[in-house]
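Student: here you go, sequence then predicted model.
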Amino acid sequence: MAFLNTGDHPVTTGTVTFGTHVIGALGIDWATLTSSPQHLPLPLAPGKPATGTWRLCVDAWRVPLGMHLETRDVTFTWK
């Protein structure tokens with residue numbers, strides 16, 4: 001995931017939280033699983049892009065046979 005600080009000052013603290021959806025075989029959204037907050041790739045200098053990669057783990061029993069996962073929601077907090 002790529003981040004770009006469009007402000008005038010560097011971002012020195014922040015987190016990202018992911019909402020992963022359990023999708024059924026017919027496309028029905030059965031559940032949304034929210035990750036714990038993860039650290040942003042810091043510091044984010046103004047105008048300089050930064051990238052980060054996170055592994056999202058879900059218990060196997062939460063994704064029955066024929067269903068799949070899609071991470072659709074991303075929430076950021078920063079200072």
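Tutor: Received the coordinates, thanks. Residues are numbered from 1 along each chain as shown.

Student: now what about stretch 21-30, what contacts it?
Tutor: Contacts with stretch 21-30, where a contact means C-beta atoms under 8 Å, 6 or more residues apart in numbering, come from 31-33, 58, 62-63, 66-73. Heads up, the C-betas are built off the backbone N, CA and C, glycines and all.

Student: er, stretch 45-53 I mean
Tutor: Stretch 45-53 is contacted from outside by 1-10, 16, 40-41, 44, using C-beta under 8 Å, 6+ apart.

Student: got the phi/psi numbers for Arg62?
Tutor: Main-chain dihedrals, Arg62, degrees, to the nearest 10: phi -80, psi -10.

Student: surely it meets Leu56?
Tutor: No: counting by C-beta atoms under 8 Å, Arg62 does not reach Leu56; the two are 11.8 Å apart.

Student: checking Val58 next. Helix, strand or coil?
Tutor: coil (DSSP: H, G, I helix; E, B strand; the rest coil).

Student: Ser36: what's it in contact with?
Tutor: Going by C-beta under 8 Å, 6+ apart, Ser36 touches Thr17.

Student: which residue is nearest the centroid of the protein?
Tutor: Phe18 (3.2 Å; C-alpha atoms, centre = their mean).
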